[in-house]
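K.L.:
could you work out the structure for the sequence below:
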Amino acid sequence: KKKTIKISAEKRKSEFLMHRQQKMNRYSSERDALFKGRAVDSSVTAEKTHDMYEEENDSMVQSLAMKVAQLKSVTIDIGDEVRNQNKDLDEMVRRLAHLHTYSHTEREGE
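P.N.:
Residues are numbered from 1 along each chain as shown. Just a heads-up that it's a prediction; the model follows:
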């Protein structure tokens, strides 16, 4: 009985290794077909790959253009806000200077 168990274990191991090798051979041939163009015309594959990269690049360029436009808009808004705040500060300084001058002339007149 020990001999039968040993043989069947060796047989299972052999079957497993053979099955694994078949899977690897199938994977290898599919990989070769994909990357080396063995099963399909390589010029068609290269053209499809080129088209795929072109579409991806176009999409990325559009995305980048939208981000640049958003950044430009935010930058313009920040510039407008800074200019408005500077005008407000200048007006405050002018009024405070006027008040300061007015209060000094009133004191001198007393």
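K.L.:
which stretches of the protein form helices?
P.N.:
2-36, 42-109 (DSSP state H).
K.L.:
I'd like the average pLDDT over the shortest one.
P.N.:
Confidence over helix 2-36 (mean pLDDT, whole number) is 65.
K.L.:
let's have the helices of the chain in JSON lines, adding mean neighbour count.
P.N.:
C-beta here means a position set from N, CA and C on the backbone, and glycine is covered the same way. Shown next, in JSON lines, are these (neighbours: other Cβ atoms under 10 Å):
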{"stretch": "helix 2-36", "mean neighbour count": "10"}
{"stretch": "helix 42-109", "mean neighbour count": "10"}
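K.L.:
ok, Asn86 to Asp77 distance?
P.N.:
Distance of Asn86 to Asp77, given as Cβ to Cβ, to the nearest Å: 15 Å.
K.L.:
quick one: residues contacting Lys13.
P.N.:
By Cβ atoms under 8 Å, 6 or more residues apart in numbering, the contact list for Lys13 is empty.
K.L.:
renumber starting at 23 from here on
P.N.:
All set: I'll call the first residue 23, so the last point we hit is now Lys35.
K.L.:
how close does it get to Arg42?
P.N.:
Distance, Lys35 to Arg42, by Cβ to Cβ: 11 Å.
K.L.:
from Met114, how far off is Thr127?
P.N.:
Distance, Thr127 to Met114, by Cβ to Cβ: 20 Å.
K.L.:
do Thr97 as well
P.N.:
For Thr97 relative to Met114 (Cβ to Cβ), the value is 26 Å.
K.L.:
now Thr123
P.N.:
15 Å.
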